[in-house]
Structure formats: structure tokens, C-alpha cells
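Q: no sequence on this one, just coordinates:
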Ligand SMILES: Nc1[nH]c(=O)nc2c1ncn2[C@H]1C[C@H](O)[C@@H](COP(=O)(O)OP(=O)(O)OP(=O)(O)O)O1
């Protein structure tokens, strides 16, 4: 059985807001949920009754506090994310915008920040972003990609970080040694935390096309483009 065989898909959005003059892109640090601790564009699940574009505009406002006029939000392609032994693929509709309205603000899910095109933190982003984001920045959309992910073995997905905690300790004089000069000394203890490096998944393969003649609207369950935007 093909470990990447799909029987269903979820429709997601991903919005990249850019400033062409300053050569900057607005990314958000995901504080929780899917892709937590990674920088990414803004987006999420498309809700019932919504078009992908409506969902993209809603998520952008929820996660970054800004709005884009619908006619200024351009479809840049579709990426299909497939996970080993998961029959549900993520059909992610990618959008780009070069102007926005409103004040950028942090929310409980995302911390937005502008990055120079030259300083995009790819080592703290989904691995596939290295493949397609540079193409998007160079205007080589529409894009279409299929990215295959395997779950990382635990020892590869975790980075151990040792944190030294230094706390004042006051020795308690024992009855036998009392009286003594009671002094305050410092001691340190270490503990280990686990942090995913670049997420819990490793990209195992990808298939990617750029400069498509039209914008894909939907991907079929066999991973091919089912239809294009008019
Ligand atoms: N491999 C990948 N590369 C990438 O660049 N973006 C990805 C990605 N896989 C998922 N995403 C994006 C798509 C979408 O914008 C976001 C996931 O959105 P979700 O709404 O599913 O996340 P949450 O777990 O926060 O869901 P909610 O509970 O709806 O808030 O991550």
C-alpha cells in the first residue's frame, strides 16, 4: 500500500504579504497548533461555506490584524502536503499581497514580524518553504507542488537544550553543628527540555512546478491538478 495514498483532503490557506519596495516579507511565529514554533505565512482551515480566498482574508485578519482588498489578494498556487500513513492531504491555497490596511498586531496564535528577503529564517520554517518561497519572491508563480513528509524519529526531531537554573540556597544549620556561620551560597541545577527542530516532520520528497500557465483551483485525490481558476 502506498504510504502516501490519499482518500480525503483538507483545504487550507497560506497568505504571504510582501513589501516589494523594501524587499520584505511578513511572517508570523506560530505559538501553538499545527506547525507551532515555526515561522510561516498566515492562514488556516477554510470553513464550510467559505471560498479559499474568503478564508485566507479572514485568517489574515485574525492572525495578523490586517486586511487586504479582495482584488489585491492574488492566488499564487496550490501546495499539497502529504504525510506518511495519513490518508488526509492538506490542499493549501497560497496567496500573495503587496499592500494591506490596518495595524499589524500579535495574537495568541501568531507573532508577526517583517523579514528582509535575504534574511528569511528557513531553518525555523517548514522544510518545503525553501523549495517554493524563493520562487514566489521572484514572481515565478503560479506554483504547484506536492511535498511528502515522514514523521521524524524522536531522537532526530528533538534538540536537547540544557538550561541552568541558578537559585540561592540557604543551608539549614543542623542541631549538631549549631551555632555556625550561616552563609547564603549559590548552586545550580540543570534540566533538559525538548524542542522540535524545524517541526516534527521531515520532507522526504517533493514534486514541484513553477510558472504554470494558469492558477490551479483544486487538486484531485491522485495528486494531479483537477481544475484551474478561470
Ligand atoms: N508543510 C507546510 N509548509 C508551509 O509552508 N505551510 C504549511 C505546511 N503545512 C501546513 N501549513 C500551513 C497551512 C496553514 O496556514 C497552517 C495550518 O493551519 P491550521 O489552521 O490547520 O492550523 P491550526 O492547528 O492552528 O488550526 P486551528 O485549530 O484552525 O487554529 O499551516
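A: Ah, there it is. Model, not experiment: these values are computed from the prediction.

Q: buried residues in stretch 105-121?
A: 109, 110, 111, 112, 117, 120 (16 or more other C-beta atoms under 10 Å). Where C-beta positions appear, they are placed from N, C-alpha and C, glycine not excepted.

Q: what lies in contact with that stretch?
A: Under the criterion C-beta atoms under 8 Å, 6 or more residues apart in numbering, residues 19, 22-33, 39, 42, 62-65, 104, 129, 133, 137 lie in contact with stretch 105-121.

Q: residues in contact with residue 207?
A: 145, 146.

Q: isn't there a strand covering residue 53?
A: No. Using DSSP: H, G, I helix; E, B strand; the rest coil, the secondary structure at residue 53 is helix, not a strand.

Q: separation between it and the ligand?
A: 14 Å (C-beta to the nearest ligand atom, to the nearest Å).

Q: what's the burial count for residue 54?
A: Burial measure for residue 54: 14 neighbouring residues, criterion other C-beta atoms under 10 Å.

Q: before we move on, back to that, which of the contacts of stretch 105-121 fall in strands?
A: 19, 24, 25, 26, 27, 28, 29, 30, 39 (DSSP state E).

Q: dump the residue contacts of the last one.
A: Which is residue 39. Contacts of residue 39 by C-beta under 8 Å, 6+ apart are 27, 28, 29, 30, 113, 115, 121, 124, 125.

Q: among the residues you listed, which two are most distant?
A: Put simply, by C-beta to C-beta the two of these set farthest apart are 30 and 115, 14.7 Å from each other.
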